[in-house]
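>>> Sequence and computational prediction follow.
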Amino acid sequence: MSASRNVVLLGATGSIGENALRILRAHPDKLRLVGASAHRNGDALLAIAKEFDLQRICLTDEDARHEAANKLPNGLKLLGGTEGLDELASTETADVVLVAVVGTAGLSPTLAALSSGKDVALANKEALVTGGKFVVETAEANGACILPTDSEHNAVFQCLGGGPAKQVEKIILTASGGPFLDWSSDRMAKVSPEEALQHPNWSMGPKITVDSATMANKGLEIIEARWLFDMSPEQIEVVIHPQSIVHSLVQFVDGSLIAQLSPPSMTFAIQHALLFPERAPGVDDTVSFTDPLSLDFQPPDVERFPCLRLAREALAEGGVSPATFNAANEVAVAAFLENRIGFPSIAHTIEHSLESMKNREPINLEDLLAADAEARRIASTHAETLTLS
Ligand code: NDP
Ligand code: MG
């Protein structure tokens, strides 16, 4: 890579955002931040704008934007709302947009960035799960690249090495299994948000941490992989790997398996995506073999983790079912984190929403977003019936 690459970072104040900022600080000769967004956290965003000498930022929450507007230094433009996020994602000088906002909010700016020909380092998986077909088509139509940044998908991207897809037998996504890997269903029925937020290996935002505990995260990732690598559902396998060091594997037609290994820190995947195809020294310690190191693998238990089964069913059904899975999960996780529903009710809410939605092939993006809204209504109404007393 000759010149430095201009980066827009959406979700700069989150867990992925913070890791991305560490990488930007470590490689000022290769990467330059030209825009950043947050939702509510105006003070943290203003501090980032100051540190990186930004000219454009966006706060998507209206109240937060009004509050920050009073504190703006000269020369800093503050955008707002979804339109502002789309505008930031299309920043003329940007080369790559790292989409690290949480939830379906990632879909619109992903499409905006790709539409204006920007490469997208995509950490946000909900965009692909909800609108995979539209995202992939938009990238192709505009000659833009989607750089997989979720750690498993980045691992697959690295293992594939750009070789012909027909030589790939299957991809194998690893999953830590989360904090309840060995818990009985009865014990899991009573877990609190605090317990679900204690991930054994990864430090992440609250939504994805709960997704890891239910394994809905791996379900979302199966659907994400289908779009990123154009694989059939049967070609995407999941294996439990509690150490989270092997981030995924690719099996080729001759039976060889290629894996990508690094410690459980997102900086490896984020840096790979931002610098691709170049490599540079990382910002975290590498895997050490000076002490004994065990790597274990076991099949997942879909009985105790029904979200995995539901994601596969949604993928097989196609149409708006993956979007329904995602929307119902977002609604249910929010309700669980607010102590309104119990842990197993997350899977119940997804299952009920998939059964209640009339599936159809979305004719356009508006139609898809209407289905997303309808699934949210169904899920919210159902979650209310499950409310903890
Ligand atoms: P966090 O909750 O830590 O951060 C979310 C970021 O998005 C924050 O900057 C937040 O701003 C902003 N945000 C929140 N809500 C909205 C909204 N409605 N519109 C626009 N911006 C919003 O999430 P993570 O960093 O953990 O995850 C981000 C994405 O990356 C998710 O899609 C997740 O699935 C994916 N991912 C995360 C991994 C991880 O290790 N964390 C690993 C792999 C994928 P504010 O701070 O102001 O609220
Ligand atoms: Mg992942």
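In hand now; what should we look at? This one's a predicted model, so the numbers in the text were calculated from it and none came from an experiment. Ligands and ions are numbered 1, 2, ... in the order given.
>>> Would you mind naming what in the stretch 251-389 of the chain lies close to ligand 1?
Residues of the stretch 251-389 of the chain found near ligand 1 (Cβ under 6 Å from any ligand atom) are M266. Quick note: C-beta positions are derived from backbone N, CA and C, even for glycine.
>>> Closest residue of the stretch 151-300 of the chain to ligand 1?
Here the residue of the stretch 151-300 of the chain nearest ligand 1 is G205; by Cβ to the nearest ligand atom that distance is 2.6 Å.
>>> what does the chain put close to ligand 2?
Contact residues, the chain versus ligand 2 (Cβ under 5 Å from the ion): 150-152.
>>> SS state for E169?
strand (DSSP: H, G, I helix; E, B strand; the rest coil).
>>> number of nearby residues for it?
14 (other Cβ atoms under 10 Å).
>>> so what's it closest to, chain neighbours aside?
Using Cβ to Cβ, 6 or more residues apart in numbering and skipping the chain neighbours, the partner closest in space to E169 is Q251 (4.6 Å).
>>> I'd assumed the one you found was in a strand, is it?
Yes. Under three-state DSSP, Q251 sits within a strand.
>>> what about it, neighbour count?
Residues near Q251, counting by other Cβ under 10 Å: 18.
>>> For it, give its distance to V239.
Distance, Q251 to V239, by Cβ to Cβ, to the nearest Å: 11 Å.
>>> tally of neighbours for R32?
Neighbours of R32 (other Cβ under 10 Å): 18.
>>> can you check R226 too?
R226 has 21 neighbours, counted by other Cβ under 10 Å.
>>> Equivalent analysis for F343, please.
By other Cβ under 10 Å, neighbour count at F343 equals 20.
>>> what does C307 give?
For C307, the neighbour count with other Cβ under 10 Å is 24.
>>> Could you look up the SS state of it?
Per three-state DSSP, C307 ends up helix.
>>> Run through the residues that contact the nearest residue to it once chain neighbours are set aside.
Nearest in space to C307, with sequence neighbours left out and distances taken as Cβ to Cβ, 6+ apart, is A216 at 3.9 Å. Counting by Cβ atoms under 8 Å, 6 or more residues apart in numbering, A216 touches 307-308, 311, 329, 333, 346-347, 350.
>>> phi, psi of the closest residue to S176 other than its chain neighbours?
Closest residue in space to S176, ignoring its immediate chain neighbours: S244 at 4.6 Å, by Cβ to Cβ, 6+ apart. The phi/psi pair for S244 (degrees, to the nearest 10) reads phi 50, psi 50.
>>> which residues in the stretch 1-150 of the chain form helices?
15-26, 42-51, 62-69, 81-89, 107-115, 126-142 (DSSP state H, counting those that start in this stretch).
>>> hang on, I meant the stretch 251-389 of the chain
Using DSSP H, counting those that start in this stretch, helices in the stretch 251-389 of the chain cover 267-275, 306-317, 321-337, 344-356, 365-385.
>>> Give me the contacts around the longest one.
Same thing as helix 365-385. 104, 111, 130-131, 134, 320, 323-324, 326-328, 330-332, 335, 340-341, 345, 348-350, 352-353, 356-357, 360, 362.
>>> which of the residues you listed are buried?
104, 111, 130-131, 134, 320, 323-324, 326-328, 330-332, 335, 341, 345, 348-350, 352-353, 356-357, 362 (16 or more other Cβ atoms under 10 Å).
>>> quick one: T82 and E62 touch, right?
No. In terms of Cβ atoms under 8 Å, T82 does not count as a neighbour of E62; the distance is 10.9 Å.
>>> More neighbours: the two, which one.
T82 (14 against 10).
>>> Show the contacting residues for that one.
Shown in contact with T82 (Cβ under 8 Å, 6+ apart): 60, 105, 108.
>>> With adjacent residues omitted, what lies nearest to the second one?
In this case it means A105. Leaving aside its chain neighbours, A105 sits nearest to T60 (7.1 Å; criterion: Cβ to Cβ, 6+ apart).
>>> Pull the contacting residues for the one you found.
Contacts of T60 by Cβ under 8 Å, 6+ apart are 37-39, 80-82, 84-85, 101, 105.
>>> circling back to that earlier point, report the beta-bridge partner residues of the residue nearest to E169.
Per DSSP bridges, the residues bridged to Q251 are K170, L257.
>>> pLDDT score for P164?
With respect to pLDDT, P164 scores 78.
>>> Ok, N329 next?
pLDDT, N329: 98.
>>> Skip the chain neighbours and tell me the closest residue to R340.
Using Cβ to Cβ, 6+ apart, the closest residue to R340 is T387 (5.6 Å).
>>> from what I can see the one you found touches G342, true?
No. Between T387 and G342 there is no contact under Cβ under 8 Å: 9.6 Å.
>>> More neighbours: which of these two?
G342 (18 against 12).
>>> List the contacts of that one.
189-190, 336, 386, 388.
>>> Who are the contact partners of the one residue in the chain that gets nearest to ligand 1?
Residue of the chain nearest ligand 1, by Cβ to the nearest ligand atom: G14 (2.0 Å). Residues in contact with G14 (Cβ under 8 Å, 6+ apart) are 100-102, 205.
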